[in-house]
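*Asks:* got a structure for you, letters missing:
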Ligand SMILES: C[S@@+](CC[C@H](N)C(=O)[O-])C[C@H]1O[C@@H](n2cnc3c(N)ncnc32)[C@H](O)[C@@H]1O
């Protein structure tokens, strides 16, 4: 599957390589145009293309067989949410190769300890192993953008074994990285308590005694 086929340059490449493609395009004019563009090349290619005119973030099901690969020049402003949403919603997706802004590629592929390790790195790692798969200089685009681009390749793996749900883990990840200059303990104080030893007032032994001494209502 592809997100954001636009005028269809990547779509044509995928079809010509033999793939069946479901392409999700938010722009209704582009979504209408692309089947015609492909049909103008060949009826065989057009027969293997399905265009879904929709915002990718709203797509919960796709026509045809469950998708096994996501290949896209992702819209840069929503690249991370689209990637994570698709990995979550379509567990048939085994492989991903996407072009994103170079800094985003670095974050997605960052390992713990790296300066750019952050929420996208941890969340992507929940689903898949990610690596930078190439750099695309800005001069290959027209008009020339003011950002560099890069390819990220992801390969799905089993999620970590934990008694917590994915939603619970992601909530901790969001809280942990919400305030960059805080220690992990301080950042998680609101969700998980301060981590300080309990004070005398809140220790169960003391509170039980106080409770026992109080008359019942
Ligand atoms: C970076 S362009 C890629 C165009 C084409 N794939 C290419 O490589 O030349 C991004 C495309 O994504 C589409 N797009 C942007 N936001 C989208 C969204 N939320 N869901 C689906 N398509 C989106 C845009 O309309 C545009 O066609």
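*Replies:* On my side now, so go ahead. What you see is a predicted model, and the numbers here were worked out from it, not measured in a lab.

*Asks:* so where do the helices sit in this protein?
*Replies:* Shown for the chain, the helices assigned by DSSP state H span residues 9-16, 28-41, 43-47, 79-89, 102-109, 119-127, 166-178, 184-187, 189-192, 204-213.

*Asks:* same list (these) but as CSV, adding mean pLDDT.
*Replies:* Shown next, in CSV, are those (pLDDT from 0 to 100):
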stretch, mean pLDDT
helix 9-16, 97
helix 28-41, 97
helix 43-47, 98
helix 79-89, 98
helix 102-109, 98
helix 119-127, 97
helix 166-178, 93
helix 184-187, 85
helix 189-192, 80
helix 204-213, 36
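
*Asks:* name the stretch among those that sits most buried.
*Replies:* Most buried of the helices of the chain, by mean neighbour count (mean count of other CB atoms under 10 Å): helix 102-109, with a mean of 22. No exception for glycine: its C-beta is placed from N, CA and C like everyone else's.

*Asks:* now that helix, how far from the centre of its chain.
*Replies:* With CA atoms, centre = their mean, to the nearest Å as the basis, helix 102-109 stands 12 Å off its chain's centre.

*Asks:* who's in contact with that helix?
*Replies:* With contact meaning CB atoms under 8 Å, 6 or more residues apart in numbering, helix 102-109 is reached by 76, 79-80, 83, 100, 116-118, 120-121, 124, 130-132, 135, 147-152, 154.

*Asks:* same question for stretch 61-71.
*Replies:* The contact list for stretch 61-71 (CB under 8 Å, 6+ apart) reads 1-3, 10, 14, 19-20, 22, 24, 50, 52, 83, 86, 90, 92-98.
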